[in-house]
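Chemist: sequence-free structure coming up:
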């Protein structure tokens, strides 16, 4: 599969009646394509994938999910946003190779970071060598596998929300106000929930919803530990909403997971969007709409780099200075 073929699959949804729009832009100016299924009124949820370059199987899965929901008119009394490919620049490098990068200096920079290899099939980062799912403002830089020097994976960036793709996803989430989010990744056939410093009440809520998703997919439910800075983490920490990372594809499969595995993955995840929406509706009935959850979402873009920002920057500098070789202090 080429990058244009992947984008073509997304664009072809328009021929089936779905409306596409841009959720933002990548560093190189590519559109981050999205669609909406169901009603714009009522409870909304958001599902995103392809934030790691090599994990484009998640994009193919979401295309099939959106098509099925729209074709069969399954979503009522609420809606589902799909953001198909959060990291288009990275996906193009994986699918089309380093020659797809037009700038000579950037090609050299990326190849050096890739240990001199022109095989970018394992690449996770965006064009800036930032792992986008470590760049959100949720205990940024505190993950056990974080690195503090540009890398093909796990580099947190030079400050939280430094990357255009991350800011796009944050802004789109604040605009659309979902009450639950799902991030599709690969691989492992597992569902992650929860975040550090989350209240016991919210953990119990998220666990109950997660158990329903686990029962549906057959994937075990695991509480997140020693992992920070992800989109799921930001949704939980900043918006106080249930959020999940679903890793699709058997752990034995090599990266990137090929399209030959899509049907099996789709069967297990076909009804995840509908179940998630129904659980969000149930959860919405219990919300006090004068509480911080609504205030956080409705106040526009949060000052995510304000409170605690200086402390996070200082921590980053200290970590960087002691680990400039690119090796993480915490593994």
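Modeler: Received the coordinates, thanks. Please read these numbers as outputs of a predicted model, since none were measured by experiment. Numbers count the residues shown, from 1 in each chain.

Chemist: what's the following helix or strand after whichever helix or strand residue 80 is part of?
Modeler: Assigning secondary structure by DSSP states H and E places residue 80 in strand 78-83. Later in the chain than strand 78-83, the nearest helix or strand by DSSP H and E is helix 88-96.

Chemist: Now do the contacts for residue 63.
Modeler: 9-10, 13, 84 (C-beta atoms under 8 Å, 6 or more residues apart in numbering). Where you see a C-beta, it was placed from the backbone N, CA and C, and this is true even at glycine.

Chemist: If you could redo that for residue 51, that was the one I meant.
Modeler: 86-87, 132-133, 165, 183, 185, 231 are the contacts of residue 51 under C-beta under 8 Å, 6+ apart.

Chemist: circling back: which of the contacts of residue 63 has the most neighbours?
Modeler: residue 84 (29 neighbours; other C-beta atoms under 10 Å).

Chemist: Now do that residue against residue 172, distance only.
Modeler: 13 Å (C-beta to C-beta, to the nearest Å).

Chemist: Return every residue with contacts to both of the two.
Modeler: Counting by C-beta under 8 Å, 6+ apart, the contacts common to residue 84 and residue 172 are residue 34.

Chemist: how near is residue 121 to residue 91?
Modeler: For residue 121 relative to residue 91 (C-beta to C-beta), the value is 12 Å.

Chemist: what ranges do the helices span in the stretch 201-331 of the chain?
Modeler: Remark: helices assigned in the stretch 201-331 of the chain by DSSP state H, counting those that start in this stretch are 231-234, 262-269, 272-284, 292-298, 309-322.

Chemist: Show me what the third one is packed up against.
Modeler: Using 3 or more C-beta pairs under 8 Å, 6 or more residues apart in numbering; DSSP states H and E as the contact criterion, the elements in contact with helix 272-284 are strand 43-49, helix 57-71, strand 78-83, strand 181-185, helix 200-217.

Chemist: Export the ones you listed as a markdown table, with columns for mean pLDDT and distance to residue 268.
Modeler: Listed next are those as a markdown table, based on pLDDT from 0 to 100; distance: least, C-beta to C-beta, whole Å:
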| stretch | mean pLDDT | distance to residue 268 |
| --- | --- | --- |
| strand 43-49 | 98 | 15 |
| helix 57-71 | 98 | 10 |
| strand 78-83 | 98 | 18 |
| strand 181-185 | 98 | 12 |
| helix 200-217 | 97 | 5 |
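
Chemist: need those in TSV with distance to residue 3, can you?
Modeler: Listed next are the helices and strands packed on helix 272-284 as TSV, based on distance: least, C-beta to C-beta, whole Å:
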stretch	distance to residue 3
strand 43-49	15
helix 57-71	11
strand 78-83	17
strand 181-185	18
helix 200-217	28
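
Chemist: so which of the ones you listed comes closest to residue 103?
Modeler: helix 57-71 (24.9 Å; C-beta to C-beta).

Chemist: any residues touching stretch 216-228, and which ones?
Modeler: With C-beta under 8 Å, 6+ apart as the test, stretch 216-228 has contacts from 134, 138-146, 189-196, 203, 207, 210-211, 213-214, 232-233, 245-247, 268-269, 271-272, 275, 330.

Chemist: Selection in ChimeraX covering whichever of those are buried, please.
Modeler: Here is the ChimeraX selection string for the buried members of the contacts of stretch 216-228, based on 16 or more other C-beta atoms under 10 Å:
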select :134,138,139,140,141,142,143,146,189,190,191,192,193,194,195,203,210,213,214,232,233,245,246,247,268,269,271,272
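
Chemist: so where does the nearest residue to residue 170 once chain neighbours are set aside fall, helix or strand?
Modeler: With C-beta to C-beta, 6 or more residues apart in numbering as the criterion, residue 170 has its nearest non-adjacent residue at 6.5 Å, and that residue is residue 161. Residue 161 belongs to no helix or strand when assigned by DSSP H and E.

Chemist: my guess is residue 131 meets residue 153, correct?
Modeler: Yes: applying C-beta atoms under 8 Å, one finds residue 131 in contact with residue 153, separated by 5.5 Å.

Chemist: neighbour-wise, which of the two wins?
Modeler: Using other C-beta under 10 Å as the criterion, residue 131 and residue 153 rank with residue 131 on top: 28 against 19.

Chemist: how many neighbours does residue 74 have?
Modeler: 15.

Chemist: Wait, a helix at it?
Modeler: No: under DSSP: H, G, I helix; E, B strand; the rest coil, residue 74 sits outside any helix and is assigned coil.

Chemist: For the closest residue in space to it that isn't next to it in sequence, grab the count of nearby residues.
Modeler: Nearest non-adjacent residue to residue 74, counting by C-beta to C-beta, 6+ apart: residue 274, 6.1 Å away. A total of 19 residues lie near residue 274 under the criterion other C-beta under 10 Å.
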